[in-house]
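A.B. asks: here are the coordinates; sequence isn't available:
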C-alpha cells in the first residue's frame, strides 16, 4: 500500500510539474514574440490607411532619441540628441525642447559640445529660439563667449522676412514624422503587437527612395528652396537605412518609428533614431512667447559692441507688433555676415547637418 501511495503521489507531482513547465514555456514564448498575432490586413493596405490617417492627424506629442556620427573631409561629428515636443496643425506648427551632447572634431581640434534649447515654429518660417545652455570646450574661435552668455535666457525670433532657408536650417520639417508610412516599403510583417496599450501592426521597413525623393521635392517647393534631383538621388542611393514601424491597428496612426543607418564611406553618416508618437489628436497647443528679441547673427561675433549698444535701445517685442524688422535690414545684415573673412579650415559651427 505504501508503495502504491508513493507512486500515486509521484505521478501527480510529475503531471503538475509538467503543467508548470508547459505554462512557463508558453509564457516565455509569448514574451519573446511580444504575443504577436497574425495580421488581418496586408501591409500595403495598412500603409495606405496609415497615409490617409497621417493626412487627417491634427496634433500629437512626440519623443525623439538619436545618436549619429557624420564624417566630412574637414569635420567629424559624433552627437546624441533628445527631443520632447508637440505637433499641431498637421505638423505645420511644432514646439519642442532639444538636448544635445557630443564631440565636433575640426582642423585637428576636438570640441566637446553640450547644450539645450527650446524651439517654437508658430507658422511657416516663423521660428523662436530659447537657448537654455551651451558649452563648447575649448571655445570655438569665431563665437564670442560673452555674446553666447547674453544670448541665453531670452526668446529670439528669426524674422519671417529672412531667407526661408534660415528657418529650415534651425528645425527639420516636422511633417516628415507624419509621412513615414508614405515613404517606406515593408520587407517583413511581424503581425500585431501591443505598444502603449494599443494593438499595432509591426513591420520591418526600408526607404522607398523614389517616394522619399518626391516628398523632399514637395517640401523644397513649398519652402521656396532649390532642389537638386541628382544630388538627392546620389545621397539616397548611398543611404542604406533599415527601420521598424508600428501602426495602430484601429486608427492607423503611427506609434513608433525606428531607423538604423550603418556606417558607409559613400553616405558619411551613420546612427540610430527612434521616434515615439502619442496623444494623437489631443496634444496641447503651440504657444509663441509673449516677449522676444529679434535675432541677428552679428551678436555672436567676437566683436559685437556696436550691436550691444543697439540692443540697449530696443525694447522687447511682442507678437502683436505687425512688422518686427524690415526685410532689407535683415538681408543686408545677413549678406555682410556671409562676406566676413573666415579663417582657413574653420568651416561652419554648429556643424551643418
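C.D. replies: It's in. No experiment lies behind these values; they were computed from the predicted model shown.

A.B. asks: helix, strand or coil for residue 233?
C.D. replies: The three-state assignment at residue 233 reads helix, by DSSP: H, G, I helix; E, B strand; the rest coil.

A.B. asks: What does the nearest residue to it once chain neighbours are set aside show for phi and psi?
C.D. replies: Once flanking residues are discounted, residue 233 sits nearest to residue 213: 6.6 Å by CB to CB, 6 or more residues apart in numbering. For the C-beta atoms, the positions are set from N, CA and C on the backbone; glycine is no exception. Phi and psi for residue 213, reported as degrees, to the nearest 10, are phi -60, psi -40.

A.B. asks: Check residue 252 too.
C.D. replies: Residue torsions, per degrees, to the nearest 10, at residue 252 are phi 70, psi 20.

A.B. asks: same thing with residue 270?
C.D. replies: Torsion angles, degrees, to the nearest 10, at residue 270: phi -150, psi 160.

A.B. asks: same check, this time on residue 45
C.D. replies: Per degrees, to the nearest 10, the backbone of residue 45 is at phi -70, psi -40.

A.B. asks: neighbours around it, how many?
C.D. replies: 12 (other CB atoms under 10 Å).

A.B. asks: measure it to residue 143 for me?
C.D. replies: Noted for residue 45: a distance of 52 Å to residue 143, by CB to CB, to the nearest Å.

A.B. asks: Is it correct that the residue nearest to residue 233 is in contact with residue 228?
C.D. replies: No: shown here, residue 213 and residue 228 do not form a contact pair, counting by CB atoms under 8 Å, at 10.8 Å.

A.B. asks: neighbour-wise, which of the two wins?
C.D. replies: Per other CB under 10 Å, whichever of residue 213 and residue 228 has more neighbours is residue 213, with 18 against 11.

A.B. asks: who touches the more buried one in this structure?
C.D. replies: By CB atoms under 8 Å, 6 or more residues apart in numbering, the residues touching residue 213 are 229, 232-233, 236.

A.B. asks: of all those residues, which comes closest to residue 121?
C.D. replies: residue 232 (23.4 Å; CB to CB).

A.B. asks: in the helix or strand hosting residue 247, what's buried?
C.D. replies: Remark: residue 247 resides in strand 242-248, with elements defined by DSSP states H and E. Buried positions in strand 242-248, judged by neighbour count with 16 or more other CB atoms under 10 Å: 243-248.

A.B. asks: what's the helix or strand following that strand packed up against?
C.D. replies: Going down the chain from strand 242-248, the next helix or strand is strand 254-261, by DSSP H and E. Packing partners of strand 254-261 (3 or more CB pairs under 8 Å, 6 or more residues apart in numbering; DSSP states H and E): helix 175-178, strand 198-207, strand 242-248, strand 269-278.

A.B. asks: Quick check: mean pLDDT of the shortest one?
C.D. replies: Put plainly, it is helix 175-178. Averaged across helix 175-178, the pLDDT comes to 57.

A.B. asks: cool, and stretch 280-287?
C.D. replies: Here the average pLDDT along stretch 280-287 is 94.

A.B. asks: List the strands paired with the helix or strand containing residue 68, with their directions.
C.D. replies: Per DSSP H and E, residue 68 falls inside strand 60-72. Here strand 60-72 has these sheet partners by DSSP bridges: strand 75-88 (antiparallel), strand 269-278 (antiparallel).

A.B. asks: Show me the helices in the stretch 101-250 of the chain, by range?
C.D. replies: 145-151, 164-168, 175-178, 209-223, 229-238 (DSSP state H, counting those that start in this stretch).

A.B. asks: ok, back up a step: what two of the buried residues of strand 242-248 are the furthest from one another?
C.D. replies: Among those, 243 and 248 lie farthest apart (CB to CB), at 17.3 Å.

A.B. asks: Residue 209 reaches residue 236, doesn't it?
C.D. replies: Yes: with contact defined as CB under 8 Å, residue 209 counts as touching residue 236 (4.5 Å).

A.B. asks: all strands of the stretch 1-150 of the chain, in order?
C.D. replies: Assigned by DSSP state E, counting those that start in this stretch, the strands in the stretch 1-150 of the chain fall at 60-72, 75-88, 93-106, 109-123, 126-137.

A.B. asks: Which one of these lies nearest to residue 158?
C.D. replies: Closest among the strands of the stretch 1-150 of the chain, using CB to CB: strand 126-137, at 4.6 Å.
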